[in-house]
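Trainee: structure for the following, please:
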Amino acid sequence: MRLLQLSLSLILILAVSICGCTAPSQAPVHTTPVTAVPTPPTGSGDWKFVVFADSPDPAGNTTTGVSPSLIPIAKAIAEEKPDLTLYLGDMVNGWMLTKASPMAGNYTGQFENWMGYVAPIHNYTDGTGIPLYVIRGNHEDGPNQTVMPLLDAYLATAAAGMPANGPPGEEKLTYSFTHKGAKFLMNDNYIAHNGQKETVNQSWVNEQLTQETRPFMFVFGHSPAYAVVNDTEEDDYAIDVHSPQRDIFWKSMVDNNVSVYFCGHAHLYVRGQSRGVQQVVSGNAGAHAIPFDPANVDPTLTLEYPKKTITKNDQRVGYIVITVHEGTGTIDGVEKQLNPVTGSWETGDTFTIPAR
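Mentor: Predicted coordinates:
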């Protein structure tokens, strides 16, 4: 019996020696790890977003400040089931109303009406639905913000939930965010940068673009960088009036692999490209229509759609759907137009471009 006990003891000692467990190990030392730059998410999935802009009521005596056309547009966009939506300014008539309109000066009321119209997309009351990101246009700017607190009304209503990660003084106006393998830059054009409005905060844009490695890069503003209509229509309040600053802005996108610059302001749909970057104007969400003549497009922008004259009466309201194919590194665009006779949605422009 003692021999058996002795044998068991020797076996136990031998086992402990082999596994190195002769004493309790020391507690691990906790150090602050070096934070690595995260790898942007990539994958094979497809997802989409919708862009639209410019929905002031064409009626001079408007009782809402919002175009009735926004109602069917919002319903159609909701049926697209995009991951997110982006609205690029001129939500309401804003300060551009005569005193005869019952909505003149009632900025909060106008924005609340707009928020009600887009409820099929995003319910502002309970925060449900499809994420909706907004930037303002010249209708939300106003000639004198100290007398006309239009900006305060905008920030307290439609823009209240926007990201506050923009440059100082531009919180919730200029900002960025990411979604899957894409980065989105939302630029306010109506804060004076270097003493000039209708520009962008170029130092902030440079910082955002150079620090990002996601394969898909999209930049947004209210106004076109390259004119698509003549001087008597929609060129006031547009980036193209400051061509030196515009050229710096555009070069930053060319140099940093931006695929598309989206904007509105001109009340129509036009697409062109310059040095590999597309400019997509999607400003036909219900504002008064304007004619289109290819001869009025900036000659440094290669016009891709439409390539024919369109009269004011033939213009249609609509929006654009962008599908991102992360697996193939491509982007599909489909412009949707509302047929005013049949009430059905039809396809206008279509295009496919690679991630740059």
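Trainee: from here on, just use CA atoms for contacts and neighbour counts.
Mentor: Will do.
Trainee: helix, strand or coil for Asn61?
Mentor: Secondary structure, DSSP: H, G, I helix; E, B strand; the rest coil: Asn61 is coil.
Trainee: for it, what are its contacts?
Mentor: By CA atoms under 8 Å, 6 or more residues apart in numbering, Asn61 lies in contact with 100-102.
Trainee: list just the nearest of those to Thr302.
Mentor: Nearest to Thr302 out of those is Ser101 (CA to CA; 40.9 Å).
Trainee: of the contacts of Asn61, closest to Thr350?
Mentor: Nearest to Thr350 out of the contacts of Asn61 is Ser101 (CA to CA; 39.3 Å).
Trainee: circling back to that earlier point, mind giving me the PyMOL select for the contacts of Asn61, buried ones only?
Mentor: The buried subset of the contacts of Asn61, as determined by 16 or more other CA atoms under 10 Å, is captured in PyMOL by this line:
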select buried, resi 101
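Trainee: adding pLDDT, secondary structure and distance to Tyr117, write the contacts of Asn61 out as CSV.
Mentor: What follows is these, written out as CSV (pLDDT from 0 to 100; DSSP: H, G, I helix; E, B strand; the rest coil; distance: CA to CA, whole Å):
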residue, pLDDT, secondary structure, distance to Tyr117
Ala100, 82, coil, 23
Ser101, 88, coil, 20
Pro102, 90, coil, 19
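Trainee: pretty sure Val66 contacts Met115?
Mentor: No: using CA atoms under 8 Å, Val66 makes no contact with Met115, being 9.9 Å away.
Trainee: so between the two, which is more surrounded?
Mentor: Between Val66 and Met115, counted using other CA atoms under 10 Å, the more crowded position is Val66 (29 against 20).
Trainee: wait, Asp57 touches Ala289, no?
Mentor: No: here Asp57 does not reach Ala289: they are 10.9 Å apart, not a contact under CA under 8 Å.
Trainee: show me the shaky parts of the stretch 201-350 of the chain.
Mentor: Scanning the stretch 201-350 of the chain with the threshold set as pLDDT under 70 gives 231-235.
Trainee: mind listing the helices for it?
Mentor: Under the criterion DSSP state H, counting those that start in this stretch, helices of the stretch 201-350 of the chain are mapped to 202-210, 243-255.
Trainee: how far off helix 243-255 does the shortest one point, in degrees?
Mentor: Right, the one you point to is helix 202-210. 10 degrees (axes from the mean of the first three to the mean of the last three CA atoms, to 10 degrees).
Trainee: now do the buried residues in helix 202-210.
Mentor: Quick answer for helix 202-210 (16+ other CA under 10 Å): 202, 205, 208-209.
Trainee: tell me which residues are up against that helix.
Mentor: The contact list for helix 202-210 (CA under 8 Å, 6+ apart) reads 167, 185, 249, 252-253, 256.
Trainee: can you check the last one too?
Mentor: With CA under 8 Å, 6+ apart as the test, helix 243-255 has contacts from 199-200, 202, 205-206, 209, 225, 239-240, 275-277.
Trainee: distance to Glu335 for the residues you listed - can I get that in CSV?
Mentor: Below are the contacts of helix 243-255 laid out as CSV (distance: CA to CA, whole Å):
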residue, distance to Glu335
Thr199, 27
Val200, 26
Gln202, 30
Val205, 27
Asn206, 30
Leu209, 27
Ala225, 20
Ile239, 24
Asp240, 24
Arg275, 22
Gly276, 20
Val277, 18
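Trainee: who's in contact with Phe282?
Mentor: You called it Phe, but residue 282 is Ser. Contacts for Ser282 (CA under 8 Å, 6+ apart) come out as 51-53, 262-264, 266-270, 318-320.
Trainee: please flag which of those sit within strands.
Mentor: Counting by DSSP state E, these place 51-52, 262-263, 269-270, 318-320 in strands.
Trainee: much appreciated, bye for now.
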